[in-house]
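S.K.: Provide a 3D model corresponding to the input given below.
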Amino acid sequence: MTGSVRARAASLAKLVELLVFPSFCRICREPLDEPGEKVVCRACLAKLAPRSGPSCPLCGRFHESSAEDHLCARCLERAPAFSAHRSCGIYGGTLKEIILLFKYRKYAPLSRPLARYAEAGLASDPRLWKGAHFLVPVPLHPARRRERGFNQARLLARDLAKLRGMKVLGGCLVKVRDVPPQAGLRAADREENVKSAYYVRWPARVRGKTLVLVDDVTTTGATLRECARVLIEAGAKDVRAITLAQAL
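M.R.: From the prediction side, this is the model:
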């Protein structure tokens, strides 16, 4: 390929990129003029600081009125099937804006910086990673996946696995009921909504394994609890969970 042909090809590729992705940051509206910038600029991504502070050591619920970690009332009453869950931050501000762009505006490339954010915030917690065999994305029902175009949890798991040198166990945990979205439901209704919505297609693949569930946002933890329950019932040795954000 001659130099002129390569130059024309590069120009065409840049034109296609500008048509597919915006040329300005979808949050601060500043131009995306740094190499590799897509959808959200580096300055806005730099605002994604992992939350520090007390939480429930089991379900990871953030404590706003306490100075130290302690079990929350819900875990004292009924412990979840997973052994540990951690969220990177509170679902608000820039983090919420980026997740909404990723999830509902179909900006799939945002999975990479969000995975880096998760790695930066959670990499040092041995309760999540010690002895873990696979990352397991929380699945979407096929109808919802076709509507959205991708499963955001699977993209996050894929890119986080690359950062951690792990593998993704995809297609094993499946969603068999297309239940209404959890958003807007009361806590008790969320539990009922996801009951029996998930199924382990190939139990032999999870038997004896330590798994880490991956999802974008948690509110009451109902989805993570149900996914962990069916994985444990299918023979998983241990299930942990991580999410990008926690809605308070």
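S.K.: Spit out the contact partners of F24.
M.R.: Shown in contact with F24 (Cβ atoms under 8 Å, 6 or more residues apart in numbering): 30-32. (C-beta placed from N, C-alpha, C; glycine too.)
S.K.: Among these, which one sits closest to C72?
M.R.: E30 (40.1 Å; Cβ to Cβ).
S.K.: so who does that closest one touch?
M.R.: Contacts of E30 (Cβ under 8 Å, 6+ apart): 24, 41, 43.
S.K.: Am I right that the last one is in a strand?
M.R.: No. According to DSSP: H, G, I helix; E, B strand; the rest coil, A43 belongs to no strand; its state is helix.
S.K.: Am I right that it is in contact with C28?
M.R.: Yes. If you go by Cβ atoms under 8 Å, A43 and C28 touch, sitting 6.9 Å apart.
S.K.: tell me how far the ends of stretch 143-156 are from each other?
M.R.: Distance between the boundary residues of stretch 143-156 (Cα to Cα, to the nearest Å) amounts to 20 Å.
S.K.: And for stretch 29-47?
M.R.: Span of stretch 29-47 from end to end, Cα to Cα: 15 Å.
S.K.: what pLDDT, on average, does it get?
M.R.: The predicted model gives stretch 29-47 an average pLDDT of 92.
S.K.: buried sites along it?
M.R.: Using 16 or more other Cβ atoms under 10 Å as the test for burial, stretch 29-47 gives 32, 37-41, 44-45.
S.K.: Turn these into a markdown table, columns for distance to R164.
M.R.: A markdown table is the format used below for the buried residues of stretch 29-47 (distance: Cβ to Cβ, whole Å):
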| residue | distance to R164 |
| --- | --- |
| L32 | 28 |
| E37 | 24 |
| K38 | 23 |
| V39 | 24 |
| V40 | 23 |
| C41 | 26 |
| C44 | 25 |
| L45 | 20 |
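S.K.: And the strands in this protein, which stretches?
M.R.: Secondary structure of the chain by DSSP state E: the strands cover 84-90, 134-137, 167-168, 173-175, 198-200, 210-218, 238-246.
S.K.: Domain map for the protein?
M.R.: 1-46, 49-246 (automatic domain parsing).
S.K.: any idea how far V138 is from the residue lying closest to L248 once chain neighbours are set aside?
M.R.: Spatial nearest neighbour of L248, excluding adjacent residues (Cβ to Cβ, 6 or more residues apart in numbering): I90 at 6.2 Å. Using Cβ to Cβ, to the nearest Å, I90 is found at 20 Å from V138.
S.K.: ok, the two, which is more surrounded?
M.R.: V138 (24 against 16; other Cβ atoms under 10 Å).
S.K.: Setting the sequence-adjacent residues aside, check what's closest to the more buried one.
M.R.: Once flanking residues are discounted, V138 sits nearest to D215: 4.2 Å by Cβ to Cβ, 6+ apart.
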